[in-house]
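[1] Quick one: sequence plus predicted model below, questions after.
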There are 2 protein chains.
Amino acid sequence: MQLTKGVEQALCIIVLLATQESSAPLASDEISKRLGVSPSYMKKIIRKLVVQGIAVSVSGNNGGVSLAKPAADITMLDVIEAMEGPIQMYPDTGLIGLAFHDKQYTEKGQKLLRSVFSQGDRLLIEYFSKVTAADLLKEGLGTSNLPTLNWNRETLSDVIDKERDDDK
Amino acid sequence: MQLTKGVEQALCIIVLLATQESSAPLASDEISKRLGVSPSYMKKIIRKLVVQGIAVSVSGNNGGVSLAKPAADITMLDVIEAMEGPIQMYPDTGLIGLAFHDKQYTEKGQKLLRSVFSQGDRLLIEYFSKVTAADLLKEGLGTSNLPTLNWNRETLSDVIDKERDDDK
DNA sequence: ACTAATTGGATAAAGAATATCCATAATGGA
DNA sequence: TCCATTATGGATATTCTTTATCCAATTAGT
């Protein structure tokens, strides 16, 4: 009943991409450094966002990733489903059929349980499809004017910032 | 984003217990046969239900398990939490703090995300706390008069039923 | 065409969920 | 009191998912 870390990571990636200077794609290696995971793992995460249509990637020199659409059109549901597949709580291994041998009742029971849980699924889907990445950015940064910068190059100064913080 | 099989198993156990002749506790070994898992594993599953207050168990001769309260007082939420612990979707590894070094914004962001997800948690909690085992039994069996039988002894005839089904 | 930078996809390692075995404790009946 | 029955708890095996790594395919610039 818990989302995987991937969701948290994906959200951070989206924040980076949303504040990236629009001209330049952001290299996945930079993102991986920033999130503290291996470059190759990060590619895999990003791939999921690309498949879902949240991000686009270009290979080759100066390649990288950028958002496929405005942050206002990216919902939390998109992100969750990109990382974990469709929301479907009930594992449904057909156990009821194995445990009770009465065709009529087991089928009825199966159906009932599925409907109870898919109702739960629907609640989540409805809720998460109403929260967009733009909402998060706006509330998180306190402004709807997104600052943009080139995260490909800002790494160094950022590290310096961090060191200054640590010294205090 | 999926519940574990344990939830499905627990629900089957509850159906068995709810239709068990009230006088006699049901032996966990019988349940294990019926659900096709090992006796020792079944005992662990059942233990979780006992700890949560859904079932009570007595050891010794003619011991076993029975429901701790009427099916109408057992909610789906109880069952889910018995098997998986409290509903809490967000993994919250503190990744945001690691990725961005600005104290002010990261704290704000953390808080925001937590609240978005705990709102989702609340939706589920509210929904699942309204569905009771009695509801499931009633709709699944088509009657609110629960048939009761002694599953400790019915196993044999049940197996015969199954064999007859298979022969067809 | 060559080289450097990057993504894409197969594969391995780690971790969590699932299941089992075994030793111990509790209970009721002979 | 002794024995058969049943739950409890700890250690361990197994399977599945998540996490991470390595190498091959693609692209841009020269």
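    Now that the structure is in, tell me what you want to look at.

[2] Show me what residue of chain A gets nearest to DNA strand D.
    A:S38 (2.0 Å; Cβ to the nearest atom of the strand). Backbone N, C-alpha and C define where each C-beta goes, glycine included.

[3] Quick check: residues of chain A near DNA strand D?
    A:4-6, A:37-38, A:40-41, A:43-44, A:58-63, A:84 (Cβ under 7 Å from any atom of the strand).

[4] where along chain A do the strands fall?
    Ranges of strands in chain A, per DSSP state E, are A:55-58, A:64-67.

[5] Same list (those) but as JSON lines, adding mean pLDDT and distance to B:L49.
    Shown next, in JSON lines, are those (pLDDT from 0 to 100; distance: least, Cβ to Cβ, whole Å):
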{"stretch": "strand A:55-58", "mean pLDDT": "93", "distance to B:L49": "44"}
{"stretch": "strand A:64-67", "mean pLDDT": "93", "distance to B:L49": "47"}
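
[6] Let me see the contact set for the closest residue to A:L3 other than its chain neighbours.
    Spatial nearest neighbour of A:L3, chain neighbours left out: B:M89 (5.2 Å); criterion: Cβ to Cβ, 6 or more residues apart in numbering or on different chains. Counting by Cβ atoms under 8 Å, 6 or more residues apart in numbering or on different chains, B:M89 touches A:M1, A:Q2, A:L3, B:M1, B:F117, B:G120, B:D121.

[7] Of the residues you listed, keep whichever come out buried.
    The neighbour-count test (16 or more other Cβ atoms under 10 Å in any protein chain shown) marks A:M1, A:L3, B:M1, B:F117, B:G120, B:D121 as buried among these.

[8] Closest to DNA strand C out of those?
    A:M1 (8.6 Å).

[9] quick one: that closest one and chain B, what's the gap?
    Distance, A:M1 to chain B, by Cβ to the nearest Cβ, to the nearest Å: 5 Å.

[10] so what's that residue up against?
    Contacts of A:M1 (Cβ under 8 Å, 6+ apart): A:M89, B:M1, B:L3, B:I80, B:E84, B:G85, B:I87, B:Q88, B:M89.
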